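**Q** here is the input, now give the coordinates:
(4 chains)
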There are 2 protein chains.
Amino acid sequence: MTKEPKISAPKKPRSWKQDPEAVKADILAAAKVEFAKHGLSGARVQDIADQIQTSKRMIFYYFGDKEGLYRAVLEEVYGSVRQAERDLNLDGFPPMEALRKLVEFTFDHHARNRDFIRLVMIENIHHGKHMMDVESLMTTNTAAITQIERICDAGVKEGVMRSGLSPLMIHWQISAMSFFNGANQSTFSFNFGNDLFDEAGQAALREQVVQSILASVAA
Amino acid sequence: MTKEPKISAPKKPRSWKQDPEAVKADILAAAKVEFAKHGLSGARVQDIADQIQTSKRMIFYYFGDKEGLYRAVLEEVYGSVRQAERDLNLDGFPPMEALRKLVEFTFDHHARNRDFIRLVMIENIHHGKHMMDVESLMTTNTAAITQIERICDAGVKEGVMRSGLSPLMIHWQISAMSFFNGANQSTFSFNFGNDLFDEAGQAALREQVVQSILASVAA
DNA sequence: GTCAAGTTTAACCGTCCGGTACATTTGCGT
DNA sequence: ACGCAAATGTACCGGACGGTTAAACTTGAC
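**A** Now for the predicted structure:
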């Protein structure tokens, strides 16, 4: 009842063999959960080690210190989000439909990845100072913006969207609402009730977000 | 250069007189800043005491423990926000204009109160568990919603707004964007550049938020 | 078989920090 | 003046926690 160890997928036998990559992956996965749950200072290195079949020592061995581990987690989660944005291809659809799909995708993606949201919240608490030290994140994230840019260009050309739209602002708006939905659920529902967060409420909210974005770009 | 003590406004002389209310207020003000800066586990009780003319001892004397102090801070900041929402009166204005003013007020209010935003972020990290223990916050916050409800009713009656609008969702949307603007500035600007956060960018963003809300309620 | 590099363990250390014990001072009522 | 309770100062404790030490084990190259 008290222990539920192991996270690693079945890879190498690894009973007592050396398999550093798997150990690192296990640590990273457990750390992601633990940092998302408790924040940087709130997370306990010992607790992370306890989650999996390894020792605290190994965490420092592979990641240097607690902040190094935290940075590795950031790198991983942001990397996969950027990848997801690159993979999303909406070029075949008419502009308004493409934009709708993009909003829905973003909304759903945030709803599905609460750990990501929490890690971003935590990083913002720290003024983004740790992600600044992650080399792979130093490049500006262009994929998400150019995606919207293409949609807008097409939309304007077809006469269904206003001209002079700012793809960056549109992305900001979509992110804002998708993010807030997960990030502030606790305090919002405490203050205003839980109606927006059951299944029906979330569906309505999602559609409302879509509508307001579409309405604000329509010609 | 190293010390900048005292926060208390000029009240009682309080050179070495007892003035518990002022001490409590000082502690609360310093704690608000410190918790907003570093989070619950990240904040140091000693640091809070160092900010003002008091000792760590007094903090535990008046607030019991660290979490008690944190709860007191939550109570104070949420209380003043709710008060601000109650004080805002837009009844004299035409519906669309009233809604515009409400959005602008909310956006600006969040921009001005970064400490509040950060404390709410922190409380959400903790799943809102501490605010649940604050009695004065146990009542649902109705003022903000009924305000919007009145505007919507008037708007529908005048034929300038759609019927079937959800005041709760509108409030959610306004909050989402106003909140995100302050909350995620660090990570957003790191990922997508700083254009939205200089003076011109903020003005444009504010207007964009207004426009998208108005567009989504328009008849 | 030997050796070095990589990997893992268990025990440990120093410090930070929330919280407390206890003495002391202050203001007020009488 | 005196007593008493509220308020404050000082010194300290105990445990948690990030990080380290030193030695052992595993593996593969030669």
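**Q** show me the shaky parts of chain A.
**A** Scanning chain A for pLDDT under 70 picks out A:1-19.
**Q** next, the nearest residue in space to residue A:185 that is not next to it in sequence: phi, psi?
**A** Nearest non-adjacent residue to residue A:185, counting by CB to CB, 6 or more residues apart in numbering or on different chains: residue A:197, 5.8 Å away. In this view, the C-beta of every residue, glycine as well, is placed from N, C-alpha and C. Main-chain torsions, residue A:197, degrees, to the nearest 10: phi -120, psi 0.
**Q** pretty sure residue A:197 sits against residue A:189.
**A** Yes: Residue A:197 lies in contact with residue A:189 (CB atoms under 8 Å); the separation is 5.5 Å.
**Q** now do the contacts for the most centrally placed residue in chain A.
**A** With distances taken as CA atoms, centre = their mean, residue A:116 lies nearest the centre of chain A, 3.6 Å away. By CB atoms under 8 Å, 6 or more residues apart in numbering or on different chains, the residues touching residue A:116 are A:36, A:77, A:81, A:110.
**Q** repeat for residue A:39
**A** Contact analysis of residue A:39 by CB under 8 Å, 6+ apart lists A:122, A:125, B:39, B:41, B:42, B:125.
**Q** now residue A:103: how far from residue B:104?
**A** Between residue A:103 and residue B:104 the computed distance is 24 Å (CB to CB, to the nearest Å).
**Q** looking at those two, which one has more neighbours?
**A** Neighbours were counted for residue A:103 and for residue B:104 using other CB atoms under 10 Å in any protein chain shown; residue A:103 has more, 23 against 16.
**Q** so how far is DNA strand C from that one?
**A** Relative to DNA strand C, residue A:103 is positioned 42 Å away (CB to the nearest atom of the strand, to the nearest Å).
**Q** need the contact list for that residue.
**A** For residue A:103, the contact set (CB under 8 Å, 6+ apart) comprises A:174, A:209, A:210, A:213, A:214.
**Q** domain boundaries for chain A, per the record?
**A** A:1-64, A:75-217 (automatic domain parsing).
**Q** deepest of the ones you listed, which one?
**A** Using mean count of other CB atoms under 10 Å in any protein chain shown, the stretch among the domains of chain A with the largest mean neighbour count is domain A:75-217, at a mean of 18.
**Q** ends of that domain, what's the gap?
**A** 33 Å (CA to CA, to the nearest Å).
**Q** what does chain A put close to DNA strand C?
**A** A:18, A:19, A:20, A:23, A:53, A:54, A:55, A:56, A:57, A:58, A:61 (CB under 7 Å from any atom of the strand).
**Q** still on that earlier bit, DNA strand C: which of the contacts of residue A:39 is nearest?
**A** When the contacts of residue A:39 are compared for distance to DNA strand C (CB to the nearest atom of the strand), residue B:41 wins out at 7.4 Å.
**Q** contacting residues for that closest one?
**A** Contact analysis of residue B:41 by CB under 8 Å, 6+ apart lists A:38, A:39, A:41, A:42.
**Q** next one: residue A:131
**A** Counting by CB under 8 Å, 6+ apart, residue A:131 touches A:71, A:74, A:78, A:123, A:137, B:187, B:190.
**Q** same thing but at 10 Å, please
**A** Contacts for residue A:131 (CB atoms under 10 Å, 6 or more residues apart in numbering or on different chains) come out as A:70-71, A:74-75, A:78, A:119-120, A:123-124, A:137-138, B:186-187, B:190-191.
**Q** before we move on, the earlier item: can I get the contacts of residue B:41 in JSON lines including secondary structure?
**A** Converted to JSON lines, the contacts of residue B:41 look like this (DSSP: H, G, I helix; E, B strand; the rest coil):
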{"residue": "A:38", "secondary structure": "helix"}
{"residue": "A:39", "secondary structure": "coil"}
{"residue": "A:41", "secondary structure": "coil"}
{"residue": "A:42", "secondary structure": "coil"}
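**Q** fine by me, thanks again.
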